[in-house]
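*Asks:* have a look at this prediction, sequence included:
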Amino acid sequence: MGGMQTDAHKLTIVPEGMIADLLTRQAAFDAVEKVFASMASGEARNFPVVRAALGHEDALYGFKGGFDRAGGVLGLKAGGYWPHNLERRGLINHQSTVLLFDPDSGRVNAMVGGNLLTALRTAAASSVSIKHLARDDAKTLGMIGAGHQSAFQLRAALEIRDFEKVIGWNLHPDKLGSLAQVAKSMGVPFEAVPLERMTEADVIISITSSFNAVLMADHVSPGTHVACMGTDTIGKQEVEVALLAKASVFTDEVAQSVSIGEAQHAISMGLITETDVKQIGAVISGSHVGRQSDDEITLFDGTGVGLQDLAVADSIVKAAVAQGLATVVQL
Ligand code: NAD
């Protein structure tokens, strides 16, 4: 074959059903923190997000990909939202799969279920922001939103800091039971509150699919850290633009923050500029000081980047191989 490489190549498969046993919250946290730092140093980059309506099953489908030179990880997450899955097939509406490739040769290395991975990597992102931006004496955690992602967010946040109380708000307060249960299981009291009482929180996580500001600037006390995790699409919005104008704004990826993230609105209204939005990775690596005073409001615009998925998928593959649990196919 004239010097062409023909050796057998292995594809490692880790199906969705195995992720819960293989991916610890600590491993997700470590992978996300590390890749955020690599993004800030320029060693890892995300590719532009593709997202399109399929014109079939009312589905939204897309890709998030990237390359982490430092970690040797190249790949993409493909998937999206199929709104009729639950009712028509008994499947969850969000479906995704991660593919990893050998960065040296381009051959496919691994296929990893992406559904639980997405929830855990998203929760890890807000936790990373809390670790690096919240005040050391933060005691009360505020939760806004009580959908699928929220319980993952709460559990991860309670593990990263010794919060003494959780307060929660949801558009439909009857849905707050799942958050109350998570708090209870971790020995922390929970109280449902009106939005005005979010002023009692030292850290606030918003994880809604709202298209209008829910959390107003007046609902946030000086010194609070706010992690906005729900806005990942043009048009979505969780917090009043005035809050971004007075906060120090950090994000996973500036290009996404200003276009599809929470910052899109404050940017388009001219209240802040792109240079006001800092990468959380710079804080992690120490090139940005992060929080500068106890009175400062810090805001993390978590838009969700492909490299988070790839970093976590890579750690899952390594765990599966180390534990002899991976399905390996010779290609
Ligand atoms: P979900 O459908 O299970 O829950 C949606 C939540 O939003 C519910 O609490 C609902 O009450 C609330 N909500 C909807 N409309 C609202 C409104 N007008 N005002 C106030 N609250 C409203 O969704 P989910 O899976 O929990 O995801 C929540 C959001 O997080 C979505 O927007 C999703 O796209 C986004 N998300 C972001 C990332 C990321 O990396 N940043 C990752 C996954 C999901």
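*Replies:* Good, I have the coordinates. Residues are numbered from 1 along each chain as shown.

*Asks:* what sits against whatever residue of the stretch 201-331 of the chain ends up closest to the ligand?
*Replies:* Proximity of the stretch 201-331 of the chain to the ligand (Cβ to the nearest ligand atom) peaks at Gly304, 2.2 Å away. (C-beta placed from N, C-alpha, C; glycine too.) Gly304 sits next to Lys64, Thr118, Arg121, Thr122, Ala125, Asp232, Asp252, Gln256 when contact means Cβ atoms under 8 Å, 6 or more residues apart in numbering.

*Asks:* gap between the third one and Glu240?
*Replies:* To tie it back to what came earlier, the one meant is Arg121. Look at Arg121 and Glu240: by Cβ to Cβ, to the nearest Å, they are 27 Å apart.

*Asks:* who has more neighbours out of the two?
*Replies:* Applying other Cβ atoms under 10 Å to Arg121 and Glu240 shows that Arg121 carries more neighbours, namely 27 against 19.

*Asks:* who's in contact with that one?
*Replies:* Ala28, Ala31, Val32, Gly304, Gln308, Asp309, Ala311, Val312.

*Asks:* surely the last one touches Arg25?
*Replies:* Okay, so that is Val312. No. The pair Val312 / Arg25 is not scored as a contact, 10.7 Å apart, by Cβ atoms under 8 Å.

*Asks:* of these two, which one has the most company?
*Replies:* Val312 (28 against 16).

*Asks:* that older thread, restrict the contacts of Gly304 to contacts with the ligand.
*Replies:* Thr118, Thr122, Asp232 (Cβ under 6 Å from any ligand atom).

*Asks:* measure the first one to Leu215 for me?
*Replies:* Going back to what we said before, that points to Thr118. For Thr118, the distance to Leu215 - Cβ to Cβ - is 23 Å.

*Asks:* pLDDT at the residue most central in space within the chain, what is it?
*Replies:* Centroid-nearest residue in the chain: Thr122, 2.4 Å away (criterion: Cα atoms, centre = their mean). Per-residue confidence (pLDDT) for Thr122: 97.

*Asks:* that one falls within a helix, correct?
*Replies:* Yes. Assessed by DSSP: H, G, I helix; E, B strand; the rest coil, Thr122 belongs to a helix.

*Asks:* just the contacts of Gly304: which has the poorest pLDDT?
*Replies:* Scoring those by pLDDT puts Asp232 last, at 92.

*Asks:* isn't that residue up against Ile260?
*Replies:* Yes. Using Cβ under 8 Å, Asp232 makes contact with Ile260 at a distance of 5.9 Å.

*Asks:* counting by contacts, list what the helix or strand where Lys278 lies packs against.
*Replies:* Assessed by DSSP states H and E, Lys278 sits inside strand 277-279. Secondary-structure packing of strand 277-279 (3 or more Cβ pairs under 8 Å, 6 or more residues apart in numbering; DSSP states H and E): helix 25-41, strand 248-251, helix 254-259.

*Asks:* which of these has the highest mean neighbour count?
*Replies:* strand 248-251 (a mean of 25; mean count of other Cβ atoms under 10 Å).

*Asks:* what about that one, near the ligand?
*Replies:* No. Between strand 248-251 and the ligand, judged by Cβ under 6 Å from any ligand atom, nothing touches; the nearest distance is 10.3 Å.

*Asks:* pLDDT of that strand, averaged?
*Replies:* If you average the pLDDT values across strand 248-251, you get 98.

*Asks:* which elements pack onto that strand?
*Replies:* strand 277-279, helix 280-285, strand 298-301.

*Asks:* tell me the most buried of the ones you listed?
*Replies:* strand 298-301 (a mean of 28).

*Asks:* can it be found next to the ligand?
*Replies:* No. Judged by Cβ under 6 Å from any ligand atom, strand 298-301 and the ligand are separated, with a smallest distance of 8.8 Å.

*Asks:* following element in sequence after that strand, please.
*Replies:* That would be, after strand 298-301 and using DSSP H and E, helix 306-322.

*Asks:* ok and that next one relative to helix 25-41, angle-wise?
*Replies:* 140 degrees (axes from the mean of the first three to the mean of the last three Cα atoms, to 10 degrees).

*Asks:* how far off centre is helix 306-322?
*Replies:* 15 Å (Cα atoms, centre = their mean, to the nearest Å).

*Asks:* what is the mean pLDDT for it?
*Replies:* 97.

*Asks:* could you point out which element follows it?
*Replies:* strand 327-330.

*Asks:* ok, residues contacting that following strand?
*Replies:* Ala8, His9, Lys10, Leu11, Thr12, Ile13, Val14, Pro15.

*Asks:* wait, isn't Ala326 in contact with Lys10?
*Replies:* No. Applying Cβ under 8 Å as the test, Ala326 and Lys10 come out as separate, 9.4 Å apart.
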